[in-house]
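**Student:** Sequence isn't available, so here's the structure alone:
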């Protein structure tokens with residue numbers, strides 16, 4: 001019965017890997033939420049990086065066309081460090097913010113121009129634009145003469 005339900009058209013949908021898989025990280029850093037859209041001219045990746053600026057985010061292409069994006073906030077200024085934590089009798093009830101470090105790796109397709117990748121941070125969103133290589137021109141159809149001998 002299972003073979004009937006998960007036959008060939010459904011098997012690809014439920015068990016196939018994505019065409020451009022994201023590479024898993026084994027470190028303790030969290031993965032940032034990301035959108036990836038492909039346009040006719042480029043691939044555009046948008047990653048949430050709230051509170052981080054351009055100096056806090058590192059984008060690079062590694063071996064095998066793997067785009068890595070890492071981010072960490074700057075260390076707190078001395079004046080902000082320990083404002084309320086060191087007060088006598090201070091009790092923490094919730095500590096969810098932590099250090100918003102993240103790391104993300106994406107396997108890029110083969111038809112991209114890694115030398116022309118652009119990245120920018122604005123309003124808590126990192127935008128990475130990966131241009132595609134121009135598609136080779138399709139040859140025009142032409143008649144080919146057929147002979148009896150080669």
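**Tutor:** Ah, there it is. Remember, it's a predicted structure, so these values are computed and weren't measured experimentally. Numbering: from 1, shown residues only.
**Student:** Averaged over its residues, which helix or strand of the protein has the lowest pLDDT?
**Tutor:** helix 8-15 (a mean of 44; mean pLDDT, DSSP states H and E).
**Student:** can you pull the pLDDT of residue 23?
**Tutor:** Note for residue 23: predicted pLDDT of 49.
**Student:** Residue ranges in the chain under the pLDDT threshold?
**Tutor:** Scanning the chain with the threshold set as pLDDT under 70 gives 1-30, 75-87, 95-100.
**Student:** now the strands for it?
**Tutor:** Secondary structure of the chain by DSSP state E: the strands cover 22-23, 34-38, 42-48, 57-62, 66-71, 102-107, 118-122, 125-131.
**Student:** can you put those in TSV and add distance to residue 90 and mean neighbour count?
**Tutor:** The way it works is simple: take the backbone N, C-alpha and C, and place the C-beta from them, glycine included. Shown next, in TSV, are these (distance: least, C-beta to C-beta, whole Å; neighbours: other C-beta atoms under 10 Å):
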stretch	distance to residue 90	mean neighbour count
strand 22-23	40	14
strand 34-38	37	12
strand 42-48	31	19
strand 57-62	33	15
strand 66-71	29	19
strand 102-107	29	18
strand 118-122	34	13
strand 125-131	35	18
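**Student:** Please name the spatially closest residue to residue 67 (chain neighbours excluded).
**Tutor:** Leaving aside its chain neighbours, residue 67 sits nearest to residue 106 (4.8 Å; criterion: C-beta to C-beta, 6 or more residues apart in numbering).
**Student:** Just list whatever residues bridge to the one you found.
**Tutor:** residue 22, residue 67 (DSSP bridges).
**Student:** For it, give its distance to residue 148.
**Tutor:** 55 Å (C-beta to C-beta, to the nearest Å).
**Student:** so what's the closest residue to residue 38 other than its chain neighbours bridging to?
**Tutor:** What sits nearest to residue 38 in space, not counting adjacent residues and going by C-beta to C-beta, 6+ apart, is residue 44, at 7.8 Å. On the basis of DSSP bridges, residue 44 is bridged to residue 37, residue 129.
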